[in-house]
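Asker: sharing a model prediction with you, sequence too.
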Amino acid sequence: MSEEEDDVHFPPGHVIEGAHGKYVVEKLLGEGGFGAVYKVYEQSDKTKLYAMKVEKKKEERKDSKLKMEIAILKLVAAERKDSHFTSIIDRGKKETYFFLVMQLVGKSLADLKNKRPDKVFSLPTGLGASSQCLEAVQDLHKHGFIHRDLKPANYACGLDDKKRVVSLTPQNAVLPYPSQVYILDFGIARKYVNKENVLKTPREKARFKGTVKFASLACHRNIELSPKDDCESWFYLMLDVIQPSGLPWKRIQQREAVMQCKEDARRGDKKAKLFDGLKSAETELGKIMDYIDHLQYYSKVDYTFIYELLKVAVTNTGATMEDKYDWEKDD
Ligand SMILES: Nc1ncnc2c1ncn2[C@@H]1O[C@H](COP(=O)(O)OP(=O)(O)OP(=O)(O)O)[C@@H](O)[C@H]1O
């Protein structure tokens, strides 16, 4: 084993052999405490580009984030080809690391939004893409998992043929569908149902998980999470990508203070401020927030209710859900 192989820092040109092919590292896409994500290509066919996620093996870590990621992607893959989940190409383990080769996607919603002049999407793009983000998480919930770390950085747009997919409407008319949105990173996802597909009995106390800015109030309060908490995080992510002034707690680091700010945002002036500058969508967004706030641990989420309100909000702007997204117009 070479020195490089001992680590997960691979230079361009480094080759990793999997069960279904040999993958050559092109460049690093991102790095975290767990390991790294690389853009790779298949040695025998340079046009076949993928993303490779590698995770260091750790004696002390019993729960591998990558294992959870693979389990979820396998579970959802069986169902439908054109989904909001990246497909698995290959996976394996070496002496010091695990790896997953998956479908390569484009920039994250966080990167795409930060490239905009006002650092937010237009309302039709923000609401339309958010609708896809909710579809992705609805699918995950259907399979018995909650994500627990929803944020714009954990969603990305599709590449090449996945940029604009064609979807069949219920009426069987073929509609051009705007850029597909993919959900990423299931490292801290959790099974929320038991073997009988019934919600698990909530633990008395649950440790804080995820990202402070997007965490649900229950997460701040160390209460067990369920699908409604992903919906609350999804709501914050939607506001984050459309609200020109950003989330009110965007500059606060301290967890307690962020929780207080989220609680305040439910009342009076502070609630109105949450939707500042979003006039045409204010009523629908208010209804969505109230709906999510009334959900409880055992509640069954009515996703359709939310999609319908999003559709009305998009229509109010004079656009449609099928219109090109901001980042497609730049191409
Ligand atoms: N399939 C993919 N195609 C292209 N880029 C990807 C893919 N999966 C992940 N990435 C990128 O790699 C980087 C790290 O990915 P990811 O968020 O999954 O890992 P992470 O470091 O565990 O995340 P976190 O920052 O939440 O800890 C991100 O910039 C992400 O956009």
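Answerer: Structure received.

Asker: apart from its neighbours in sequence, what residue is nearest residue 150?
Answerer: Once flanking residues are discounted, residue 150 sits nearest to residue 233: 4.2 Å by CB to CB, 6 or more residues apart in numbering. (C-beta placed from N, C-alpha, C; glycine too.)

Asker: isn't the one you found right next to residue 213, touching?
Answerer: No: contact criterion CB atoms under 8 Å: residue 233 and residue 213 do not qualify, at 9.4 Å.

Asker: mind checking pLDDT for the nearest residue to residue 122 once chain neighbours are set aside?
Answerer: Sequence neighbours aside, residue 326 is the residue nearest to residue 122 in space, at 5.6 Å (criterion: CB to CB, 6+ apart). You'll see residue 326 listed with a pLDDT of 93.

Asker: contacts only, for residue 326.
Answerer: Contacts for residue 326 (CB atoms under 8 Å, 6 or more residues apart in numbering) come out as 112, 116, 121, 122, 125.

Asker: do residue 157 as well
Answerer: By CB under 8 Å, 6+ apart, the contact set of residue 157 is 105, 106, 107, 109, 112, 163, 179, 180, 181, 182, 325, 327.

Asker: number of residues surrounding residue 13?
Answerer: 8 (other CB atoms under 10 Å).

Asker: can you tell me the SS state at it?
Answerer: Secondary structure, DSSP: H, G, I helix; E, B strand; the rest coil: residue 13 is coil.

Asker: sec struct for the residue of the stretch 101-250 of the chain found nearest the ligand, please.
Answerer: Per CB to the nearest ligand atom, residue 185 is where the stretch 101-250 of the chain lies closest to the ligand, at 3.6 Å. With three-state DSSP as the basis, residue 185 sits in coil.

Asker: quick one: residues contacting it.
Answerer: 69, 149, 154.

Asker: phi, psi for the spatially closest residue to residue 207 that is not a sequence neighbour please.
Answerer: Ranked by CB to CB, 6+ apart and with sequence neighbours excluded, the top spatial neighbour of residue 207 is residue 222, at 6.9 Å. Note on residue 222: backbone dihedrals following degrees, to the nearest 10 are phi 60, psi 30.
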